[in-house]
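In: what follows is a predicted protein model with its sequence.
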Number of protein chains: 2
Amino acid sequence: MKEKELRRSLAVLPIGTVMKLTDLTARQIRYYEAQQLIQPERNEGNRRMYSLNDIDRLLEIRDYLAEGVNIAGIKAIYEQQASAAQAKQENQEHPLTDDDVRRIMQDEFLRQGRLGQTRPGIQQRPL
Amino acid sequence: MKEKELRRSLAVLPIGTVMKLTDLTARQIRYYEAQQLIQPERNEGNRRMYSLNDIDRLLEIRDYLAEGVNIAGIKAIYEQQASAAQAKQENQEHPLTDDDVRRIMQDEFLRQGRLGQTRPGIQQRPL
DNA sequence: GACTGATGTCATATTTTCTAACATTTGTTA
DNA sequence: TAACAAATGTTAGAAAATATGACATCAGTC
């Protein structure tokens, strides 16, 4: 599946194509980028280039918005997914080092200090 | 597999992307089109738009040329493939009518008259 | 009623692509 | 060898697509 993943993440589509495939306006697409929901690449001439994965994500965003989820909410969902995925990967590739543990605990403390509670998306793996 | 075919034939890529994916110049890509080796679509603004199938074909063309096959040869190959595919489809969808038989026989005669022999690609199905 | 989030619209600049013409290169043929 | 054709390069000028930034709108919230 490595090959397919690579293809799906190749930035090959200009914004005009993305508009048609997603039924979003250029304004919307750029706004979602400004809100950090997507990070399209740029070509040598500074034009945004999108991958099939970007298309999927934009369709998702569109659906979330239609459901009434606001952009902050969507962002939170993606951040949660990202941290979960990262945790999974770290877990698979190498067992946690002492440094990892220290860093994770520090992160948790900082988060609690700021928000008053742990968010559901943060993976609380048993150490 | 219908869905995948559709996706692969969607014209979504501008020529700049195609250049990168195929390592061909715009000049070459347009020339092959002029020689009728590919038929990209055009968007509303008259810009050429290519599908993944177009990419595959361009890579094939590149390989044929590298092997020493000239454009006329490549064209012959594709025409042969097209007629074979068409014959197959016609064969599946409806058995040959008398008219089909007459037309096919006439085609064969014409070809022999011009070339002196039947080309290997022409499907000689038993009637 | 003021504010904010999401989007529309417009102006201006830059990049990309188009067509058409002429140039170059290489292999073939009279 | 000169001439020719096939494939590609290069250039010019026009049109289309995209970028950014500003201001406008509109709906929902405090």
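Out: Yep, it's here.

In: so how far is DNA strand D from the residue nearest the centre of chain A?
Out: Most central in chain A under C-alpha atoms, centre = their mean is A:Tyr78, positioned 4.5 Å from the mean C-alpha point. According to C-beta to the nearest atom of the strand, to the nearest Å, A:Tyr78 and DNA strand D sit 21 Å apart. C-beta here means a position set from N, CA and C on the backbone, and glycine is covered the same way.

In: hang on, that residue packs against A:Gln39?
Out: No. Using C-beta atoms under 8 Å, A:Tyr78 is not in contact with A:Gln39; the gap is 10.8 Å.

In: chain A against DNA strand C: which residues are in contact?
Out: By C-beta under 7 Å from any atom of the strand, the part of chain A that sits against DNA strand C consists of A:14, A:25, A:27-28, A:31-32, A:35, A:43-47, A:65, A:70-72.

In: OK, contacts around A:Glu33?
Out: For A:Glu33, the contact set (C-beta atoms under 8 Å, 6 or more residues apart in numbering or on different chains) comprises A:Gln39, A:Pro40, A:Arg48.

In: go through those residues and name the one nearest B:Leu6.
Out: Among the contacts of A:Glu33, A:Pro40 lies closest to B:Leu6 (C-beta to C-beta), at 24.3 Å.

In: run a quick neighbour tally on the closest residue to that closest one other than its chain neighbours.
Out: Closest residue to A:Pro40 apart from its sequence neighbours, by C-beta to C-beta, 6 or more residues apart in numbering or on different chains: A:Arg48 at 4.4 Å. Neighbours of A:Arg48 under the rule other C-beta atoms under 10 Å in any protein chain shown: 20.

In: also A:Leu24?
Out: Neighbours around A:Leu24, by other C-beta under 10 Å: 20.

In: ok, it touching A:Arg62?
Out: Yes. Under the criterion of C-beta under 8 Å, A:Leu24 makes contact with A:Arg62 at 6.3 Å.

In: helices and strands around the top helix by length along chain A, which ones?
Out: For chain A, the longest helix by residue count, based on DSSP state H, is helix A:71-93. For helix A:71-93, the elements it packs on are helix A:52-67, judged by 3 or more C-beta pairs under 8 Å, 6 or more residues apart in numbering or on different chains; DSSP states H and E.

In: contacts for the helix it packs on?
Out: A:7-11, A:13, A:18, A:21-24, A:29, A:32, A:37-38, A:40, A:50, A:71, A:73-74, A:77.

In: give me the neighbour count for A:Leu65.
Out: Counted with other C-beta under 10 Å, the neighbours of A:Leu65 add up to 16.

In: likewise for A:Ile71?
Out: If you count neighbours by other C-beta under 10 Å, A:Ile71 ends up with 16.

In: same check on A:Tyr32?
Out: 21.

In: burial measure for the residue in chain A that DNA strand C sits nearest to, as a count.
Out: For chain A and DNA strand C, the shortest gap (C-beta to the nearest atom of the strand) falls at A:Gly45, measuring 1.9 Å. A:Gly45 has 6 neighbours, counted by other C-beta under 10 Å.
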